[in-house]
Every structure is written in structure tokens, then in C-alpha cells.
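J.: pasting the structure only:
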């Protein structure tokens, strides 16, 4: 049985840290990585929306986001608030520099699989679908088809393949204005450090355009997976892992 007391101390608390400027050149002063707070929810929604909008699966699901930008932001913000109010996933952020009108510039959503019941899938931004939203930005037919397929894919190729001894990176986003400046690397490296300290694998589903980024961080490719969606769409990812358990 896993020694959860050690892992809890290392992972669930997610202590305040500052990135090494030699490894993560961002903007002065040194970027601070910390746990997200409820007051960050709006900025986190802004970062996720801005970073994800060019992605094919985001365009597919949030088909009407440009027609309903306020609803799109509000629903993301409420879903993020729900994540923060639960104990299944944890959100870490990189603080914005003082001159920014954001409070954070990058975000990572981590799911410790030993702490996450199987019925609580970590694609929470879509899966939670805040009840107080009209979801006018969302293609509901596509979403209802997508959610069980995404849950089954994660259960088979993440949960079952790697077991409970893993820290799963559900979401990694950096605001376009701060991409390629070390924020995402800082967040990922923190997860790797936690995995190493706790003896758990770090896992994720990488979009094709992001595979190189994770390979450079030391992740290995496990297998390619895909979802056959509606309207002739097909979406693929690479299951990737940073192994600390020999799995």
C-alpha cells in the first residue's frame, strides 16, 4: 500500500516555491509558483481560454464561443471555482508580473490519482458543466457525446495503465503573451519534482503539437490514442509518462 502521508506532504500541500531563474527565464522579478485561490478564477479562465482557443478540440466543443464570449468566460470561471472547492484536483499558477492586468499568466491542473475517485474525472472544465450557465458557447450535442468518450479514454489509458501511483497533468496553459518564456516549464518541472520525491509516475495526454515540449522535459511516449467524434471529426493525443515507479 502507498505511504500517502509522505506523498500528501509533498503533493497535496503544494508548498509555495520560486522558480530557478537559470532554468526558467521569465520576467523579473522571479516568477512565483503557488496554489491557486478562488480570487484567481477569473484570470485562470482568461488564461485557459486564450491558450486553448486555437486548438481544434476547443473549436469543436466550444463552437459558439466567439458569439458568446462573456458566457464562455463565465462558465469557465464557474467550473474552475468548482475544481477549487473540491479535493480531487489541484490548481497551480504562475503569478503575473506587476505591470500585467492579469493576476496569473500560466496554470496547471493536477490530479493525484490515489486521491481521485474513479467517478470524478479530471477533465473537469467540461465535465462539471456548471449548472448556473446556459452554455450558449458550447455545442451541447457534441459535448454530451464527448464527455463519456473522454472519460473512457482516460480510464483505460491513464487510470488502468498506470494505476493509482501517478500524478496526472490534466491541463497546462500559458497565456499567449507569456508563452515560450518558461512558465509552462516551471509548472511541469514542479510536477516532476513531486513525482520524484513521492515515487509516483507523472502522466498526461499531449496534443500532437506539444509532444516535443514534453519529450525535452524527459517524458516518454507510451502510445497514441484518439476519440472518434461527431460530424466526421477525430482527435488524437499521445499518452506520455515520466516514470518513477518502473510501471
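T.: Now that the structure is in, tell me what you want to look at. Worth saying up front: this structure is predicted, and the values here are computed from it rather than measured.

J.: Give me the nearest residue to residue 218, chain neighbours excluded.
T.: Once flanking residues are discounted, residue 218 sits nearest to residue 242: 5.8 Å by CB to CB, 6 or more residues apart in numbering. Any C-beta I mention is one placed from the backbone N, CA and C, and that applies to glycine too.

J.: And what about residue 109, helix, strand or coil?
T.: When classified by DSSP: H, G, I helix; E, B strand; the rest coil, residue 109 comes out as strand.

J.: show me the residues around it that make contact.
T.: With contact set as CB atoms under 8 Å, 6 or more residues apart in numbering, residue 109 has these partners: 83, 89-91, 122, 124, 169-172.

J.: Could you point out which residue ranges in the chain have low pLDDT?
T.: Filtered on pLDDT under 70, the chain yields the residue ranges 1-31, 116-131, 246-247.

J.: Helices along the protein, start to end?
T.: 4-7, 41-52, 56-61, 69-85, 124-127, 140-154, 161-162, 183-198, 211-217 (DSSP state H).

J.: nearest to residue 112, of those?
T.: Of all the helices of the chain, it is helix 4-7 that lies closest to residue 112, at 7.4 Å by CB to CB.

J.: Can you add mean neighbour count and give the helices of the chain back as JSON lines?
T.: Written out in JSON lines, the entries for the helices of the chain read as follows (neighbours: other CB atoms under 10 Å):
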{"stretch": "helix 4-7", "mean neighbour count": "14"}
{"stretch": "helix 41-52", "mean neighbour count": "22"}
{"stretch": "helix 56-61", "mean neighbour count": "17"}
{"stretch": "helix 69-85", "mean neighbour count": "19"}
{"stretch": "helix 124-127", "mean neighbour count": "20"}
{"stretch": "helix 140-154", "mean neighbour count": "16"}
{"stretch": "helix 161-162", "mean neighbour count": "19"}
{"stretch": "helix 183-198", "mean neighbour count": "21"}
{"stretch": "helix 211-217", "mean neighbour count": "14"}
